[in-house]
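1. Could you work out the structure for the sequence below:
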Amino acid sequence: MNERKIVIPGETIVKGKEFLPGEGTEKRGDEIVALRYGLAEEYNNLAKVIPLSGVYQPRRGNIIIGKVEELTFNGWVIDIGTAERAFLPLTEVPRYVDKNGLHEVIDVGEMAVAKIWGINARGIDLSIKSRGLGKIDEGLLFKINPNKVPRVIGKEGSMIKLIKDETGCNITVGQNGWIWIKGEKIENELYAKRAIIFVTEKSFMSGLTEELKKWFTENKK
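-> Numbers count the residues shown, from 1 in each chain. Just a heads-up that it's a prediction; the model follows:
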């Protein structure tokens, strides 16, 4: 199966002993069956289902974008769109921060890019120690359905690379659905946003990268 197709729970995606079940699927005999509604994809004998609706499921290693809700004596409480509490401790900031100066790093109401480094009974632990993480102070921010994120990124990052190349913008895609676009001009940022919205609206289509290339040809700035 080279083309993606929409499947419903219980539907057979591929048949054959050589196939392995990936995310959103299970093996029944020699068939790989969908466990949820979404886009079925088979790559290197691994079948999976990309969900088209639902809420964000946090995972260790995910890059997310969230809003600071509260400052505590040892870090920041950040809303990342999950039921669990997400916390950025002082120890996961790449420089020394005075406990009375947390607001100088990120203040209540401000947005930040962070990485999930732990999930436990207390909640979700975040870090901004890696490059490209930290407070967002310029650019364009908007939100999409978290389950459309894999389509926006594309296979091995192909879709988002195309959008970056065509618009000249830096784009950070949070796994929780927040997208941060930073370009030389607001026009470039809006152009990139339009392209991403096009991908989310056509996420059910096969051959979407080619459709996006066509869209760029027809919608030159």
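
2. how about the residue positioned nearest the centre of the chain, secondary structure?
-> Central residue of the chain (Cα atoms, centre = their mean): residue 175, 2.4 Å from the mean position. Under DSSP: H, G, I helix; E, B strand; the rest coil, residue 175 falls in the coil class.

3. Just give the closest residue to it, not the sequence neighbours.
-> With Cβ to Cβ, 6 or more residues apart in numbering as the criterion, residue 175 has its nearest non-adjacent residue at 4.1 Å, and that residue is residue 62. Placement of C-beta: from N, CA and C, glycine included.

4. in terms of contact, does the one you found touch residue 115 like I think?
-> Yes - with contact defined as Cβ atoms under 8 Å, residue 62 reaches residue 115; the gap is 7.1 Å.

5. Domain-wise, how is this protein divided?
-> 5-51, 63-135, 140-218 (automatic domain parsing).

6. export those to a markdown table and tack on distance to residue 57 and mean pLDDT?
-> Putting those into a markdown table (distance: least, Cβ to Cβ, whole Å; pLDDT from 0 to 100) gives the following:
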| stretch | distance to residue 57 | mean pLDDT |
| --- | --- | --- |
| domain 5-51 | 9 | 89 |
| domain 63-135 | 8 | 93 |
| domain 140-218 | 8 | 94 |
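
7. got the contact list for stretch 140-155?
-> Under the criterion Cβ atoms under 8 Å, 6 or more residues apart in numbering, residues 38-39, 43, 50-56, 65, 81, 111, 159-162, 173-183, 186, 189-190, 192-193, 196-197, 199-200, 203, 208-209 lie in contact with stretch 140-155.

8. Ok, stretch 173-189 next?
-> Contacts for stretch 173-189 (Cβ under 8 Å, 6+ apart): 56, 58-59, 62-66, 80-82, 111, 113, 136, 138-146, 148-149, 152-153, 160, 167-172, 192-193, 196, 221.

9. among the residues you listed, which are in helices?
-> Counting by DSSP state H, the contacts of stretch 173-189 place 149, 152, 153, 160, 167, 192, 193, 196 in helices.

10. Which pair of those spans the longest distance?
-> Using Cβ to Cβ, the ones in helices among the contacts of stretch 173-189 reach their maximum pairwise distance at 149 and 167, which is 18.2 Å.

11. Over to the closest residue to residue 127 other than its chain neighbours: give its phi and psi.
-> Using Cβ to Cβ, 6+ apart and skipping residues adjacent in sequence, the residue nearest residue 127 is residue 92, 3.8 Å away. Taking degrees, to the nearest 10, you get phi -100, psi 20 for the backbone angles of residue 92.

12. Next up, the contacts around residue 92.
-> Contacts for residue 92 (Cβ under 8 Å, 6+ apart) come out as 75, 117, 125, 126, 127, 128, 129.

13. again with residue 111
-> Counted by Cβ under 8 Å, 6+ apart, residue 111 has contacts 65, 66, 67, 68, 135, 136, 141, 178, 180.

14. Name the member of those with the most neighbours.
-> In terms of neighbours by other Cβ atoms under 10 Å, those top out with residue 178 at 25 neighbours.

15. State whether residue 76 is indeed within a helix.
-> No - with three-state DSSP as the criterion, residue 76 is strand rather than part of a helix.
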